[in-house]
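A.B. asks: how would this look folded up:
(one chain, ligands or ions: 1)
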Amino acid sequence: MTSQEPLNGFTGFNRKNTNFQYSRAFEEAKSAGKKPLEQERIDAIEETDRRWAWMEIDLSAIRHNILEARRRMRPGSQLCAVVKADAYGHGAERVARTALNAGAEMLAVATVDEAVELRRAGISAYILLLSEPPIGAIDLLLGYQIVPSIYTVEFALAYAETADLHGLRAPYHLAVNTGMNRIGVRAEDIVEFLRQVNFHRALDLQGTFTHFATADCPENLDFNIQVNRFTETINAMRTAGIDPGIVHAANSAALLRYPEVHFDMCRLGISLYGFHPCEETRHLVNLEPAMKVLARVTDCKTVPMSEGVSYGLNYRSPGSVKICTVPLGYADGLNRALSGRVNFILDGQYCRQVGNICMDQCMFEVDLRTYGTRQRLNPQIGDLVTIVGKQGDAVTTITEMAYTLHSIEHEICIAFSHRLPRLYV
Ligand SMILES: *Cc1c(COP(=O)(O)O)cnc(C)c1O
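C.D. replies: Residues are numbered from 1 along each chain as shown. Next comes the predicted model:
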């Protein structure tokens, strides 16, 4: 069947000529003497005018959190700002610069490309890669001065050979597996590992580290086992005449809870962004979340009683509400499993998100009744809506979302970074 044949006798509506072509229209407008669109001006249109959903990153909060961490750190211990995953969704370059200005001595990332991106942005600070990349990436490490974590003999030797070939040194941090069993040389094999690689003159051991599996758990038995294995390993290295370089182990939770593991450096991740790694740290420090998620109302209407809203029409209007739409959805990090389980804030008042969260939009309910001291809301297209953050006395948090989703703040923050424009304040 071709598109010309009638379908069940239906021959289609009369169509207008749809042969409109922009290129031809531009030419015609030009010859008619119309004012052309200036490329520079249209490219300069603000992100918040392109799309009524965005995130705001408060760099002074990042600074505050660094200073709070610093205040609790053992004197002499350095601070490494962990800016992997685009700084947990906050934007690696801006966060890295802010952290360095606030006194961080070093940056850490998870992938080679994350490090390359920082170098291309002109950041010259020491960058530690928290993983051992494929051997194929060695030229990138040397070319961009990225310091890898190492735990295999093959990689160590290939890295050293390549560095030697170019007349360079091969700086690295040695990853020690003290019990998390993610990466690293097993603690008891460290001295033997070093014997196998240390003959190579280019290799330069600049640091030795481990990572804790349970620094954020209430119970500290397993934590202490890891601490003991790590200190024994460092001692064994020293006894064998090997300088371990910068000794580091603490993530945010260990930094805040266990001063005895600050060693020469702490690696600050989640708390840099203003989140508590666990309940136990809430009374210890005052952290400020740096990320806000904001939107404007794009549609607002009264929905008659019992009519449904969004895919599945699971939510039914009780009648006394207005249904407002905001242009962000699960493609922007608002996890679909939060449908009907979060509040947004309009005019300083909580409004329940209702109906299934769509890929690019979602709806919320504005109760039109007044009760108690509550003022009657009058939502309009263009009104500011807080998805994450404070507005008046009301506050919605990434922590609540993480709790509802049985996840952690790290994952929620990173999800918001996929498509929302980021504004720095
Ligand atoms: C991600 C990471 C950190 C930071 O952890 P937080 O809990 O976010 O502070 C520190 N060290 C290593 C090895 C990591 O992978």
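A.B. asks: which bits of this structure sit near the ligand?
C.D. replies: Val82, Lys84, Leu130, His211, Asn251, Ser252, Ala253, Arg267, Leu268, Gly269, Ile270, Pro277 (Cβ under 6 Å from any ligand atom). For glycine as for every other residue, the C-beta is placed from the backbone atoms N, C-alpha and C.
A.B. asks: Do I have it right that the last one meets Ile270?
C.D. replies: I take that to be Pro277. Yes - assessed by Cβ atoms under 8 Å, Pro277 is found in contact with Ile270 at 5.6 Å.
A.B. asks: shared neighbours of those two, anything?
C.D. replies: Listed as contacting both Pro277 and Ile270 by Cβ atoms under 8 Å, 6 or more residues apart in numbering are Asn251, Ser252.
A.B. asks: Quickly name whichever of the residues of the chain next to the ligand is closest to His64.
C.D. replies: Leu268 (12.7 Å; Cβ to Cβ).
A.B. asks: if I pick the residue lying closest to that closest one once chain neighbours are set aside, what's in contact with it?
C.D. replies: Once flanking residues are discounted, Leu268 sits nearest to Ala69: 5.2 Å by Cβ to Cβ, 6 or more residues apart in numbering. With contact set as Cβ under 8 Å, 6+ apart, Ala69 has these partners: Leu79, Ser252, Leu255, Leu256, Cys266, Leu268, Ser271, Leu272, Val285.
A.B. asks: Work out for me the element Ala69 sits within.
C.D. replies: According to DSSP states H and E, Ala69 maps onto helix 59-72.
A.B. asks: Output that helix as CSV, restricted to C-alpha atoms.
C.D. replies: The C-alpha trace of helix 59-72 is given here as CSV (Å, rounded to 0.1, in the frame of the first residue of the first chain):
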residue,chain,number,x,y,z
LEU,A,59,30.4,27.9,45.0
SER,A,60,30.5,29.6,48.4
ALA,A,61,29.0,26.4,49.8
ILE,A,62,31.8,24.4,48.3
ARG,A,63,34.3,26.8,49.9
HIS,A,64,32.4,26.6,53.2
ASN,A,65,32.5,22.8,53.1
ILE,A,66,36.2,22.7,52.4
LEU,A,67,36.9,25.0,55.4
GLU,A,68,34.7,22.9,57.6
ALA,A,69,36.6,19.7,56.6
ARG,A,70,39.9,21.5,57.0
ARG,A,71,38.9,22.6,60.6
ARG,A,72,38.5,19.0,61.6
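A.B. asks: helix or strand right after that helix?
C.D. replies: Toward the C-terminus from helix 59-72 - assigned by DSSP H and E - lies strand 78-82.
A.B. asks: what about the stretch 1-150 of the chain, any weak spots by pLDDT?
C.D. replies: Counting by pLDDT under 70, the stretch 1-150 of the chain shows low-confidence ranges at 1-7, 10-18.
A.B. asks: for the helix holding Ala69, the distance to its chain's centre please.
C.D. replies: 18 Å (Cα atoms, centre = their mean, to the nearest Å).
A.B. asks: Spit out the contact partners of the closest residue to the ligand within the stretch 301-425 of the chain.
C.D. replies: Taking Cβ to the nearest ligand atom, the ligand has its nearest neighbour within the stretch 301-425 of the chain at His410, 6.2 Å off. Contact analysis of His410 by Cβ under 8 Å, 6+ apart lists Ala85, Tyr88, Gly269, Ile270.
A.B. asks: Mind exporting the C-alpha coordinates of the one helix or strand it maps to to PDB?
C.D. replies: Following DSSP H and E, one finds His410 within helix 409-416. C-alpha atoms of helix 409-416 as PDB (Å, rounded to 0.1, in the frame of the first residue of the first chain):
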ATOM      1  CA  GLU A 409      23.100  11.400  47.600                       C
ATOM      2  CA  HIS A 410      26.000  10.700  45.200                       C
ATOM      3  CA  GLU A 411      23.700   9.000  42.700                       C
ATOM      4  CA  ILE A 412      20.900  11.600  42.800                       C
ATOM      5  CA  CYS A 413      23.300  14.500  42.300                       C
ATOM      6  CA  ILE A 414      25.000  12.900  39.400                       C
ATOM      7  CA  ALA A 415      21.700  12.100  37.700                       C
ATOM      8  CA  PHE A 416      20.700  15.800  37.800                       C
END
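A.B. asks: Past that helix, which element shows up next along the chain?
C.D. replies: strand 422-424.
A.B. asks: Leaving out sequence neighbours, find the closest residue to Arg374.
C.D. replies: Counting by Cβ to Cβ, 6+ apart, the residue nearest Arg374 is Gln349, at 6.8 Å.
A.B. asks: how far away is the one you found from Arg97?
C.D. replies: 37 Å (Cβ to Cβ, to the nearest Å).
A.B. asks: Val176 now?
C.D. replies: 31 Å.
A.B. asks: One more: Arg238?
C.D. replies: Applying Cβ to Cβ to Arg238 and Arg97 gives a distance of 36 Å.
A.B. asks: For the two, indicate the residue with more neighbours.
C.D. replies: Higher neighbour count among Arg238 and Arg97: Arg97, with 19 against 11, using other Cβ atoms under 10 Å.
A.B. asks: wait, is the more buried one part of a strand?
C.D. replies: No - secondary structure of Arg97 (DSSP: H, G, I helix; E, B strand; the rest coil): helix, not part of a strand.
A.B. asks: one step back: give me the subset of the contacts of His410 lying in strands.
C.D. replies: Among those, DSSP state E puts none in strands.
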